[in-house]
Every structure is written in structure tokens, then in C-alpha cells.
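> Make a model of this:
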Amino acid sequence: MDLTGYLTSDEAAERLGINRQSLYNLANRSPDFPKPKKVGRTSLWPEHGVDEWREKHPKRQTRKGTEDADQAP
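Take a look at the predicted model:
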């Protein structure tokens, strides 16, 4: 079975900058989040789908990050 182009849950979470539980929460709560392919009990996430989703949903700016930007010379 060719699994090229798929990410493990840990890889997908790292790519999105979130933890694994947040990845599963997104999959269950966000209708436009890519669905994983199941191989046995393992979830494999389509790399292209994860990247496309991130482009449509950029990371949120944190309050601290915004304050840091305001203080830059």
C-alpha cells in the first residue's frame, strides 16, 4: 500500500502547530477539515488537504505576539 502524501497524526499536528488532541477535535468539529484515512487503528492525514486547510485558516495572532510586534524597533 502506497502511503506517500499522508501524515501521521503527530506529523499533521506539528505541521499545523497544534497538539494531537486539537487535531482530532478539528476533525470532529470542523466540516471542511480533511478526513483521515484509517489503516488499522492508525489515522493518516492527506498532506495536501492539511496544507490547503491551513491556507484557508491562518494561525491566529496571539495577544502577546501582537504586543511584541508593537514594541519592535
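> Can you list the low-confidence ranges for this protein?
Residue ranges of the chain with pLDDT under 70: 61-73.
> go again using 50 as the cut-off
By pLDDT under 50, the low-scoring segments of the chain are 66-73.
> residue ranges for the strands of it, please.
Secondary structure of the chain, counting by DSSP state E: strands at 6-8, 37-39, 42-46.
> May I see those strands organised as a markdown table, with mean neighbour count and distance to residue 53 added?
Every residue, glycine included, has its C-beta placed from N, CA and C. As requested, those are exported to a markdown table (neighbours: other C-beta atoms under 10 Å; distance: least, C-beta to C-beta, whole Å):
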| stretch | mean neighbour count | distance to residue 53 |
| --- | --- | --- |
| strand 6-8 | 19 | 12 |
| strand 37-39 | 11 | 15 |
| strand 42-46 | 18 | 10 |
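> Those strands: which one's closest to residue 22?
Nearest to residue 22 among those is strand 42-46; the distance by C-beta to C-beta comes to 13.1 Å.
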